[in-house]
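Engineer: Predicted model follows, preceded by the sequence.
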Amino acid sequence: KRTLRIAGLELAGRIDRMDRLADGTHALIDYKTGSRVTPNDWLGARPDEPQLPLYAVTANEHVSAVVYAKLRRGDMKMAGFAIREKEFPGVKQAQSWSGLLESWKAELASLATGYAQGAAQVDPKHGLSTCRYCDLKPLCRVHERLSALAEEGEGPE
């Protein structure tokens, strides 16, 4: 269990696994049983799966690999990013490990700041396809926004 602090926000978390590597650095490993496991969900603005990047940027330990370990009958593999090539099978060497960590830290700090300030704008990351699996439809205002855009001639009618 960890207390994760970023941009003045405190969150509770629980790392599935952290291994100390031969060089004294650490690998963060998150077990997944679902069919879709991709570290691409950690990249870009508003990452879809920010958990491991958040653990990596808030860790007291020197983290040198962030890995999904897929545990599914007949389909076991690892995927992620590491500071070095061939640290784990299936894990890619990051083009710039420090750059990756800095980009995660900046994006997660921005998200944490917005959350702490109460930012609640209606802005689905992938348009209405984001809403397909949402369980909060009765509370959502996305259709109000789309109606307003349609009235202004900017959105779908």
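Structural biologist: It's in. Numbers count the residues shown, from 1 in each chain.
Engineer: max-length helix in this structure?
Structural biologist: With DSSP state H setting the assignment, residue counts place helix 97-116 as the longest helix in the chain.
Engineer: which other residues reach that helix?
Structural biologist: By C-beta atoms under 8 Å, 6 or more residues apart in numbering, the surrounding residues in contact with helix 97-116 are 6-9, 42, 44-47, 50, 53-54, 56-57, 63-64, 81-83, 94. C-beta coordinates here come from the backbone N, C-alpha and C atoms, glycine included.
Engineer: Please indicate which of those are buried?
Structural biologist: For the contacts of helix 97-116, a burial check counting by 16 or more other C-beta atoms under 10 Å picks out 6-7, 42, 47, 50, 53-54, 56-57, 63-64, 81-83, 94.
Engineer: For the spatially most central residue of the chain, which non-adjacent residue is spatially closest?
Structural biologist: For the chain, the residue nearest the mean C-alpha position is Pro50 (1.8 Å; C-alpha atoms, centre = their mean). Leaving out its chain neighbours, the residue that sits closest to Pro50 by C-beta to C-beta, 6 or more residues apart in numbering is Leu108, at 6.0 Å.
Engineer: Over to Leu9?
Structural biologist: Ala112 (4.1 Å).
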